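Engineer: coords please:
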Amino acid sequence: MARSAALAWWAATACWFLGTLAGRLTGSHTEITGAVPLPVAVLVFALCAGLWALLVYGAYRGLKGARVVLAVAGGLAIVGLVAQLVGDVVTRNLVHGGLFLAALVLAGAGFTLMFRDR
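Structural biologist: As a prediction, this is how the structure comes out:
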């Protein structure tokens, strides 16, 4: 996997983490995430972002099967980001939506660069 693809995925992960945290702080969260205390939510968000970053690192280093898992999970993540953006457009949440839009663009770039011929 190309270095630029890994960097795009890691940048998308950072945007997702910041967008999710901003959404939690600005009050645009679901009933489930609203019921969780803020320190626990931040820990869970950081854990998810860290696991995603490890998956990208595994694909970057050529770990067998990591690229396929990243492709499937990345495709699902892109669909989830689009769904979140639709909600942000409806509620006019610019901070959350802007960071998730950046994450969507970077994830799309990472996905595309991951399968580009070298």
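
Engineer: Near residue 115, how many other residues are there?
Structural biologist: Using other CB atoms under 10 Å, residue 115 has 11 neighbouring residues. Quick note: C-beta positions are derived from backbone N, CA and C, even for glycine.

Engineer: What residues does residue 45 make contact with?
Structural biologist: Going by CB atoms under 8 Å, 6 or more residues apart in numbering, residue 45 touches 17, 20, 21, 24.

Engineer: possible to save those as TSV with neighbour count and pLDDT?
Structural biologist: Formatted as TSV, the contacts of residue 45 follow (neighbours: other CB atoms under 10 Å; pLDDT from 0 to 100):
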residue	neighbour count	pLDDT
17	20	84
20	24	80
21	18	80
24	18	73
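
Engineer: which stretches of this structure form strands?
Structural biologist: With DSSP state E, there are no strands along the chain.

Engineer: Buried ones in the longest helix seen in it, by neighbour count?
Structural biologist: In the chain, with assignment by DSSP state H, the single longest helix is helix 66-91. Buried residues in helix 66-91, counted by 16 or more other CB atoms under 10 Å: 66, 67, 70, 74, 77, 78, 81, 84, 85, 88.

Engineer: Tell me which residues touch residue 15, please.
Structural biologist: Per CB under 8 Å, 6+ apart, neighbours of residue 15: 99, 100, 102, 103, 106.
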